[in-house]
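*Asks:* sequence and predicted structure are below.
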Amino acid sequence: MSHPVDLYVGRRLKKRRTALKLSQTDVARQLELSFQQIQKYEIGSNRISASRLWELAKILDVPAEYFIQGFDETPEGQELIAKLAVKN
């Protein structure tokens, strides 16, 4: 099962990529990856490393924070915050 943050980041990646009218193949070529890897990022089945996130931010012309902005306000984010607060 994918982590809620990975799912959110993947959705944000897809949203920005499609807004720029880039295909998964377009992005993959710039990263020297397969389009399947971009698919996996977008559905949250593969995590995106910090260095890869930085590269994606440059390709998609957004700050790296773009990918996680707003997560705390989602139901998934609120649930995760509550779980983390219980552990402390």
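*Replies:* Received, thanks.
*Asks:* stretch 13-24 - what's its average pLDDT?
*Replies:* Across stretch 13-24, pLDDT averages out at 98.
*Asks:* buried residues in that stretch?
*Replies:* Buried residues in stretch 13-24, counting neighbours by 16 or more other C-beta atoms under 10 Å, are found at Leu13, Lys14, Arg16, Arg17, Leu22, Gln24. Yep, even glycine has a C-beta here, placed from its N, CA and C like the rest.
*Asks:* do you know how far the fifth one is from His3?
*Replies:* What it means is Leu22. 25 Å (C-beta to C-beta, to the nearest Å).
*Asks:* and the first one, by the same measure?
*Replies:* To His3, Leu13 is 15 Å away according to C-beta to C-beta.
*Asks:* again, but for the second one
*Replies:* Lys14 sits 17 Å away from His3, going by C-beta to C-beta.
*Asks:* just checking, next helix/strand downstream of the helix ranked longest in the chain?
*Replies:* The helix that spans the most residues within the chain, counting by DSSP state H, is helix 4-19. As assigned by DSSP states H and E, the chain's next helix or strand after helix 4-19 is helix 24-31.
*Asks:* just the CA atoms of that following helix, as PDB, please.
*Replies:* Output of helix 24-31 as PDB, limited to C-alpha atoms (Å, rounded to 0.1, in the frame of the first residue of the first chain):
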ATOM      1  CA  GLN A  24       5.000  10.900 -19.600                       C
ATOM      2  CA  THR A  25       7.500  10.100 -22.300                       C
ATOM      3  CA  ASP A  26       8.500  13.800 -22.600                       C
ATOM      4  CA  VAL A  27       9.300  13.900 -18.900                       C
ATOM      5  CA  ALA A  28      10.900  10.500 -18.800                       C
ATOM      6  CA  ARG A  29      13.300  11.400 -21.600                       C
ATOM      7  CA  GLN A  30      14.600  14.400 -19.700                       C
ATOM      8  CA  LEU A  31      15.200  12.200 -16.700                       C
END
